[in-house]
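Undergrad: No sequence on hand, only this structure:
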Ligand code: PLP
């Protein structure tokens, strides 16, 4: 007899202890204990992050980079310590390679704009894939329109995996940038990022990796994969919203013009001309979200204390268990069955639109996402208007997936009646 799922999971980490760190998880929703399965959209914060933010705001808050007084000096120091934590967390060589932005969307817009202005011209080509978030689609479409460049798209197979042999055919000396997610938010596919980067570099192209869905769930080493840019969002990694960023190789940052201009990004301003600060300041105009950066540092401390390898192992156990449960439910089609997947189960029920499905799930206290997940081209590829998505974090329990499966069965009975 195989070992019960709860003891398999318990051997990796003690989820009941972890759950005590997240105050929101004790909530009762519509008379039932909250089951939160929308972690790909946004994650909750542990007490250590909430307390760090609160202490910083109560006792330490000050502006950064400018003031020559104690509060400002201290705030600047902890702000820069957070940057160092992010750099170490991603495996960056230098702290200054990490540029803070409001999140992945702004990070990709920054790179598309600055890199595009400097390196993309008429006739050049940009490659994305068929399973990108709109944040990694629209900025490149706009850039191509503006610069007279061409957008090419890597197709996916029925399982949701990139067709690497087709990707190879798209690459050429005209390719300037390959912009690709590490993990698809709509399907959960983990892309073979190292191989993709190696092939792009072989034709002289640069690579931006959209890491919004990977960074919170697996160990990432930007030097090992050798990407040129790697983006992330704090609110998907147990930190506050409004903060995220992008790693970039320093020699590349140094060549790029600013995206947003104004205070704090300058070397010198006269009425005739402005010279720009060195990276990362060149790309961080204006007063940054100071408290959020401190919160991000605290979230990284929390993740490091658990360990990304343990997190990945545990979430993988949840994924395998949930997939097994869903495969046994008649009338459910899982969209995205890649061999390498992160803890996301996207599914479609013929009997009902995902918006109706999630409304019914909510009656059982279950928070799932129903929609196109900002990936409309992906929905078109799989011939569905939308999917219901359960996205798991290390604070979820196998029992919550049992409850989800029961609620989905109830839903199917309700809509088929
Ligand atoms: N890229 C991916 C893969 C995502 O999942 C998301 C958000 O869901 C984004 C980009 C956009 O992130 P944000 O809204 O934090 O800017």
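TA: Sure, I can see it. None of these values were measured; they are calculated from a predicted model. Residues are numbered from 1 along each chain as shown.
Undergrad: Now do the same contact list for the closest residue to residue 345 other than its chain neighbours.
TA: What sits nearest to residue 345 in space, not counting adjacent residues and going by Cβ to Cβ, 6 or more residues apart in numbering, is residue 390, at 4.8 Å. The way it works is simple: take the backbone N, C-alpha and C, and place the C-beta from them, glycine included. By Cβ atoms under 8 Å, 6 or more residues apart in numbering, the residues touching residue 390 are 37, 322, 344, 345, 347, 368, 401, 404.
Undergrad: would you list those in CSV and tack on distance to residue 10, neighbour count and secondary structure?
TA: Compiled in CSV, the contacts of residue 390 are given as follows (distance: Cβ to Cβ, whole Å; neighbours: other Cβ atoms under 10 Å; DSSP: H, G, I helix; E, B strand; the rest coil):
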residue, distance to residue 10, neighbour count, secondary structure
37, 20, 27, coil
322, 17, 26, helix
344, 23, 27, strand
345, 22, 27, strand
347, 27, 22, strand
368, 25, 23, coil
401, 15, 24, helix
404, 20, 24, helix
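Undergrad: can you tell me which of those lies nearest to residue 201?
TA: Of all the contacts of residue 390, residue 344 has the smallest distance to residue 201: 28.6 Å, by Cβ to Cβ.
Undergrad: quick one: that closest one and residue 37 touch, right?
TA: No: taking contacts as Cβ atoms under 8 Å, residue 344 lies outside contact range of residue 37: 9.8 Å.
Undergrad: Now for the two: what residues contact both?
TA: Common neighbours of residue 344 and residue 37 (Cβ under 8 Å, 6+ apart) are 390, 391, 392.
Undergrad: Reformat the residues you listed as CSV; add secondary structure.
TA: Formatted as CSV, these follow (DSSP: H, G, I helix; E, B strand; the rest coil):
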residue, secondary structure
390, strand
391, strand
392, coil
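Undergrad: quick one: which of those is nearest to the ligand?
TA: Comparing those against the ligand with Cβ to the nearest ligand atom places residue 391 closest, at 9.3 Å.
Undergrad: What is the burial count for the closest residue in space to that closest one that isn't next to it in sequence?
TA: Nearest residue to residue 391, sequence neighbours excluded (Cβ to Cβ, 6+ apart): residue 40, at 3.5 Å. The criterion is other Cβ atoms under 10 Å. On that basis, residue 40 has 28 neighbouring residues.
Undergrad: Repeat that for residue 324.
TA: 12.
Undergrad: can you tell me how far it sits from residue 398?
TA: Note on residue 324: its distance to residue 398, by Cβ to Cβ, to the nearest Å, is 11 Å.
Undergrad: again, but for residue 112
TA: For residue 112, the distance to residue 398 - Cβ to Cβ - is 41 Å.
Undergrad: which one of these two has more residues nearby?
TA: The neighbour count for residue 112 versus residue 398, taken as other Cβ under 10 Å, is higher for residue 112 (25 against 21).
Undergrad: Helix or strand: which one has that one?
TA: Assigning secondary structure by DSSP states H and E places residue 112 in helix 104-119.
Undergrad: The residue of the stretch 251-400 of the chain found nearest the ligand: what's it in contact with?
TA: Residue nearest to the ligand within the stretch 251-400 of the chain (Cβ to the nearest ligand atom): residue 374, separated by 6.1 Å. For residue 374, the contacting residues are 133, 134, 135, 185, by Cβ under 8 Å, 6+ apart.
Undergrad: ok so, going back, ok, then the element right after the helix holding residue 112?
TA: Past helix 104-119, the next helix or strand by DSSP H and E is strand 125-129.
Undergrad: orientation of the helix or strand following that next one relative to strand 125-129 in degrees?
TA: Per DSSP H and E, the first helix or strand lying C-terminal to strand 125-129 is helix 138-147. Going by axes from the mean of the first three to the mean of the last three Cα atoms, to 10 degrees, helix 138-147 is angled at 160 degrees with respect to strand 125-129.
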